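sequence first, predicted coordinates after that:
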Amino acid sequence: MGTTKRVETPAFTIEDGTVTRDSGGSRITLKFAAASKRHYDGGIEINNVRAAMYDKNGKFIAKRGHESSRTVIHNRAAWTHEIPTDQLSQAARVVYEVEYKLDIRRKLIGGELVPLAAESDGSDYWLWHRVQVDDKLASYEIAFWARQSELAFTYGHTPKTIIDGLRNEYELDLFDADQNIVMSKNFSCSTSFGRTTFEDNSLYGIDRKTMRTLKFFELRARTELRSVVDLEIANP
């Protein structure tokens, strides 16, 4: 019987696990089980769990996908692989590669905007408000810039984990003092390299009278994250 160590991702945590093996002729069945916890109520999808095998020199032997109709990660994590005996017999190291996708929508941040200063009436951009917020997935930043008849904003994200891809579809609402929506804007930001990504956007044609009525903002995001986490089997 083999074991795996606890691993935590932005989407779920898998506690220390056990791997049992059953021999059956030309194939060996590996069954994994562990306690687990999802960090969000929905939006988590396990795309695949592959068992990657390497020999004593670290050379790759083969990968096998899981055999069960679906992989479960709720309060328990479980999956099964059937591996040719000749492949597993050569393996000095076996690693589960858990490929997952997280797709959720939530409010990131909201707050109050300070009154516009006289400097915002010029032709140069004046930094009106900048805010940063962190969660399990990434660090997010948005900044508002004002000038004459334009309200511009810059925004970006920095992933907090190794990713295959991260995409945010943002929804920005701007409110007056009575919490009535004055303006709204949808925009997006994507990265596939796990690095900080910044973009810029604008609300053109806004007059100064309307701009001065803006008192509050709210930023929401639908976040799609794709990633892979490894669980190595001790004593495979």
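Great, that's in hand.

how does this structure divide up, domain by domain?
For the chain, automatic domain parsing gives the domain ranges 2-103+228-233, 105-225.

want to throw those into CSV with mean neighbour count and mean pLDDT?
In this view, the C-beta of every residue, glycine as well, is placed from N, C-alpha and C. Below are the domains of the chain laid out as CSV (neighbours: other CB atoms under 10 Å; pLDDT from 0 to 100):
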stretch, mean neighbour count, mean pLDDT
domain 2-103+228-233, 16, 90
domain 105-225, 16, 90
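
could you find the closest non-adjacent residue to Arg27?
Residue nearest to Arg27 in three dimensions, not counting chain neighbours: Glu82, with 4.9 Å by CB to CB, 6 or more residues apart in numbering.

tell me the bridge partners for the residue nearest to Ala117 when sequence neighbours are not counted.
The shortest distance from Ala117 to any non-neighbouring residue, by CB to CB, 6+ apart, is to Trp126 (6.6 Å). Per DSSP bridges, residues listed as beta-bridge partners of Trp126: Ala146.

for Trp126, list the residues it contacts.
In this structure, Trp126 makes contact with Ala117, Glu119, Ser120, Trp145, Ala146, Arg147, judged by CB atoms under 8 Å, 6 or more residues apart in numbering.

so how far is Arg6 from Ile163?
21 Å (CB to CB, to the nearest Å).

typo on my end, it should be Leu231
9 Å.

what do those two both touch?
With CB under 8 Å, 6+ apart, Leu231 and Arg6 have common neighbours Ile14.

which strand runs longest in the chain?
Taking DSSP state E as the criterion, the chain has its longest strand at strand 93-112.

what is that one packed up against?
Applying 3 or more CB pairs under 8 Å, 6 or more residues apart in numbering; DSSP states H and E, one finds that strand 93-112 contacts strand 44-54, strand 126-134, strand 138-147, strand 216-233.

ok, now with 7 Å
Judged by 3 or more CB pairs under 7 Å, 6 or more residues apart in numbering; DSSP states H and E, the packing partners of strand 93-112 are strand 44-54, strand 126-134, strand 216-233.

what's the closest of the ones you listed to Val94?
When those are compared by CB to CB, strand 216-233 sits nearest Val94, at 4.6 Å.

how distant is the closest one from the center of its chain?
1 Å (CA atoms, centre = their mean, to the nearest Å).

partners of it, with directions?
When DSSP bridges is applied, strand 216-233 pairs with strand 93-112 (antiparallel), strand 165-175 (antiparallel).

report back the residue of this structure that's furthest from centre.
Residue farthest from the centre of the chain, counting by CA atoms, centre = their mean, is Gly25 at 41.6 Å.

spatially nearest residue to it, not counting backbone neighbours?
Thr85 (7.6 Å).

mind listing what that neighbour touches?
Contact analysis of Thr85 by CB atoms under 7 Å, 6 or more residues apart in numbering lists Ser26, Arg27, Ile28.

one more time with 8 Å
Here Thr85 is in contact with Ser23, Gly25, Ser26, Arg27, Ile28 (CB under 8 Å, 6+ apart).

now the second one: how far from Lys31?
Between Gly25 and Lys31 the distance, using CB to CB, works out to 17 Å.

is it possible to get a markdown table of the helices and strands packed on strand 93-112 that adds distance to Asn168?
Shown next, in a markdown table, are these (distance: least, CB to CB, whole Å):
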| stretch | distance to Asn168 |
| --- | --- |
| strand 44-54 | 17 |
| strand 126-134 | 12 |
| strand 216-233 | 5 |
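
between the ones you listed, which one is nearest to Ser192?
strand 216-233 (8.9 Å).

follow-up on the earlier one: list phi and psi for the residue farthest from the centre of the chain.
phi 70, psi -120 (degrees, to the nearest 10).
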